[in-house]
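In: Any chance you could fold what I've pasted below:
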Amino acid sequence: MKYLTRALSVLLLVLFTSMGAQATPLSDLFNGGSITAGDKLFDNWSLSFYDASDGRSFNAANIDVTPLNDGGTNPGPGLQFTVSNNELSVTGDGIYAYVDLMFGFRASVLDPTMRIRDNSLTLTDGSLAWDPADGSYDLGTYIRETIGSAAGQENLGAKDVQFSVFGDPQELIDNTFNSATFAPQSEIWVTKNILVWSVDDTDTAELFGFEQRFSQTPATVPEPSTLLLTGLGIAGLVALRRGKKL
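Out: Numbering: from 1, shown residues only. All right, here's what the predicted structure looks like:
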């Protein structure tokens, strides 16, 4: 008999809040598409890496991306990723079966008075099925996300989420939420590395969905005293230049 564990903590909430929003296949985004959620624009999507132990090809059309326009300033607008057709599902091969996917995109503000303050990542739906009779457990889903101020950088932070089972006796790792905090930015670059794996041929790991949120804050406006000092400085420079001309 197999045991089945599902991470569904926020799935129903996501379904209700994203009703009416238009989903876009990840394949369209890789071909130059973009998504808008709230005052955030998500563009410059690119596939960085893909590998699978069984030699399968990656079909980005099996991952839909839906804008989440709720959330206010915190947790903010975001994206829901929904995986279909077992695109990120793995059954063990007795050695080490896996799917390894990496992609990235840019998140930027459309409202010049707002900034991205931080972001969060949540595994919303997945399953682990294992057979206790074999006495060995090594399967799961894992996402590592890095955030940078430019493409390929991770100077703004990194985070990990994981839903997996290891060892004998079995140990369930259920860290399905994580967040990163950084100074307000007008744009950030996000890179996701997704790994789904299973060892025993009686075990299956599946990732069906995850959610991304981007908190926001008003852009800092210089105080009147700062503006006054800046104005006096500029006026002084103008007077100095005029004096030199005379």
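In: Surely residue 159 is in contact with residue 122?
Out: No: using CB atoms under 8 Å, residue 159 makes no contact with residue 122, being 10.7 Å away. All C-beta atoms are positioned from the backbone trio N, CA, C, and that covers glycine.
In: Now the longest strand belonging to the chain: buried residues?
Out: Using DSSP state E to define each element, the chain has its longest strand at strand 114-130. Neighbour-count burial for strand 114-130 flags 114-130 (criterion: 16 or more other CB atoms under 10 Å).
In: next one: stretch 174-187
Out: Those would be 176, 177, 178, 180, 182, 184, 185, 187, for stretch 174-187 by 16+ other CB under 10 Å.
In: does the third one sit in a helix or strand, and which one?
Out: Using DSSP states H and E, the element containing residue 178 is strand 177-185.
In: Quick one: list the elements packing against that strand.
Out: Packing partners of strand 177-185 (3 or more CB pairs under 8 Å, 6 or more residues apart in numbering; DSSP states H and E): strand 114-130, strand 138-148, strand 157-166.
In: Where does the prediction get shaky in this structure?
Out: 1-20, 135, 221-246 (pLDDT under 70).
In: Could you pull up phi and psi at the residue nearest the centre of it?
Out: Nearest to the mean C-alpha position of the chain, by CA atoms, centre = their mean, lies residue 212 at 4.7 Å. With angles defined as degrees, to the nearest 10, residue 212 sits at phi -120, psi 130.
In: which residues does it form a beta bridge with?
Out: Beta-bridge pairing for residue 212 (DSSP bridges): residue 79, residue 121.
In: quick one on the thing from earlier: now do the helix or strand just after the strand holding residue 178 against strand 138-148, angle only.
Out: Next along the chain after strand 177-185, taking DSSP H and E as the criterion, comes strand 187-198. Angle of strand 187-198 versus strand 138-148, following axes from the mean of the first three to the mean of the last three CA atoms, to 10 degrees, is 170 degrees.
In: now strand 187-198 against strand 177-185, angle please.
Out: 160 degrees.
In: So what's the gap between strand 187-198 and the chain middle?
Out: Per CA atoms, centre = their mean, to the nearest Å, the displacement of strand 187-198 from the mean C-alpha position of its chain is 7 Å.
In: What strands line up against it, and which way round?
Out: Using DSSP bridges, the strands paired with strand 187-198 are strand 97-109 (antiparallel), strand 138-148 (antiparallel).
In: Return the most buried member of those.
Out: strand 138-148 (a mean of 22; mean count of other CB atoms under 10 Å).
In: Report the angle between that strand and strand 114-130.
Out: 170 degrees.
In: what's the angle from strand 138-148 to strand 157-166?
Out: On the basis of the same axes, to 10 degrees, strand 138-148 is oriented at 180 degrees to strand 157-166.
In: wouldn't residue 62 be in contact with residue 85 here?
Out: Yes: contact between residue 62 and residue 85 holds when scored by CB under 8 Å: they sit 4.6 Å apart.
In: okay, these two: which has more neighbours?
Out: Between residue 62 and residue 85, counted using other CB atoms under 10 Å, residue 62 has the larger neighbour count: 16 against 10.
In: Now the more buried one: phi and psi?
Out: Dihedral pair for residue 62: phi -90, psi 0, per degrees, to the nearest 10.
In: Contact partners for it?
Out: When contacts are counted by CB atoms under 8 Å, 6 or more residues apart in numbering, residue 62 touches 83, 84, 85, 87.
In: Relative to residue 201, how far out is it?
Out: 24 Å (CB to CB, to the nearest Å).
In: now do residue 102
Out: Residue 102 sits 26 Å away from residue 201, taking CB to CB as the criterion.
In: Check residue 167 too.
Out: 18 Å.
In: Which one's more surrounded, these two?
Out: When residue 167 is set against residue 201 and neighbours are counted by other CB under 10 Å, the residue ahead is residue 201, at 14 against 9.
In: ok, the more buried one - contacts?
Out: For residue 201, the contact set (CB under 8 Å, 6+ apart) comprises 91, 92, 93, 94.
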